[in-house]
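1. got a structure for you, letters missing:
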């Protein structure tokens, strides 16, 4: 994908048309599946989302029994979800995307793509502020996805759904699980871990669990000394100790804040 933008537009169009021809009857399923992914990727590069959505919709209408139906449903739903994120006023796109993920989960429950479908279904519910339903979907995604960044995201969003529902103990458990089990993944450590620790501080303070808050705070300061969360986590935890009538510990944390920031 990284090489696509350096190619001429006419080359990209030719490649897109070639892959569209492989989304056709009598083409082996493995070639259909590969072509569907290529059509989606090239359409994203060329900002032709609507064209890709129409191509995949036509495929699903014409080939209801194809072995590539599950990947077509997932890809179509993801493109529609992306369109919704770019223009949230078009709410029917969110409904269409969720319908595609639901059909995949109903018709292909053992598909290797079921975990991704659950993850995307979780986002559909999240965007509707249905946090109980989003939490259930993210939980299903975390159980089905392989060890990966996507699985870590599912676990994190499950925890965030619990946070929204004020299930702070459950949220702390899931944030901690992510920190303890996914920190070895460079992508998680770079993009998600500090935020998970910061959310742990917030959830722990809401729950009155100053031990959990302090443990997460110390990890933030040790692992991300130049990160976004250190200063605000120190202040929040200091305020938490102040509320719990422990002014000595509060002063200690505020002094560290003054020294560090």
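-> That came through fine. Just so it is clear, the model here is predicted, and its values are computed rather than measured.

2. Quick one: mean pLDDT for stretch 34-43?
-> Across stretch 34-43, the average pLDDT comes to 69.

3. Stretch 119-130 now?
-> Mean pLDDT, stretch 119-130: 97.

4. next one: stretch 177-190
-> Stretch 177-190 comes out at a mean pLDDT of 95.

5. And stretch 139-151, by the same measure?
-> 97.

6. how far does it sit from the chain's center?
-> Centre-to-centre, stretch 139-151 and its host chain are 10 Å apart (C-alpha atoms, centre = their mean, to the nearest Å).

7. And it, what's buried?
-> In terms of neighbour count (16 or more other C-beta atoms under 10 Å), stretch 139-151 has its buried residues at 139, 140, 141, 142, 144, 145, 149, 150, 151. Bear in mind the C-beta positions are built from the backbone N, C-alpha and C, glycine included.

8. First-to-last residue distance for that stretch?
-> End-to-end distance of stretch 139-151 (C-alpha to C-alpha, to the nearest Å): 10 Å.

9. separation between the residue most central in space within the chain and residue 209?
-> Central residue of the chain (C-alpha atoms, centre = their mean): residue 153, 4.6 Å from the mean position. To residue 209, residue 153 is 25 Å away according to C-beta to C-beta, to the nearest Å.

10. Count the neighbours of the nearest residue to residue 81 once chain neighbours are set aside for me.
-> Once flanking residues are discounted, residue 81 sits nearest to residue 97: 4.3 Å by C-beta to C-beta, 6 or more residues apart in numbering. For residue 97, the neighbour count with other C-beta atoms under 10 Å is 25.

11. ditto for the one 4 residues further on
-> The local packing of residue 101 (other C-beta under 10 Å) involves 28 other residues.

12. Which helix or strand contains it?
-> Per DSSP states H and E: residue 101 is located in helix 91-107.

13. what residues does that helix touch?
-> 69-70, 73-74, 76-78, 80-81, 83-84, 87, 111, 113-114, 117-118, 120-121, 124-125, 127-128 (C-beta atoms under 8 Å, 6 or more residues apart in numbering).

14. which of these are buried?
-> Buried, going by 16+ other C-beta under 10 Å: 69-70, 73-74, 76-78, 80-81, 83-84, 111, 113-114, 117-118, 120-121, 124-125, 127, out of these.

15. now the helices for this protein?
-> Secondary structure of the chain (DSSP state H): helices at 9-21, 29-45, 49-62, 69-86, 91-107, 114-127, 131-144, 149-164, 168-182, 186-191, 193-207, 210-223, 230-243, 247-260.

16. what's the angle from the last one to helix 210-223?
-> Think helix 247-260. 20 degrees (axes from the mean of the first three to the mean of the last three C-alpha atoms, to 10 degrees).

17. Packing partners of helix 247-260?
-> helix 230-243 (3 or more C-beta pairs under 8 Å, 6 or more residues apart in numbering; DSSP states H and E).

18. Distance from the helix it packs on to the middle of the chain?
-> Centroid separation between helix 230-243 and its chain, computed with C-alpha atoms, centre = their mean, is 28 Å.

19. Quick one: residues in contact with that helix.
-> 197-198, 201-202, 205, 210, 213-214, 216-217, 220-221, 224, 247, 249-251, 253-254, 256-257, 260-261.

20. redo that, cut-off 10 Å
-> 194, 197-198, 200-202, 204-206, 208-210, 213-214, 216-224, 227, 229, 246-258, 260-261 (C-beta atoms under 10 Å, 6 or more residues apart in numbering).

21. Wait, the residue nearest to the centre of the chain touches residue 185, no?
-> No: counting by C-beta atoms under 10 Å, residue 153 stays clear of residue 185, with 11.0 Å between them.

22. Need the residues touching each of the two.
-> Common contacts of residue 153 and residue 185, defined by C-beta under 10 Å, 6+ apart, comprise 191, 192.
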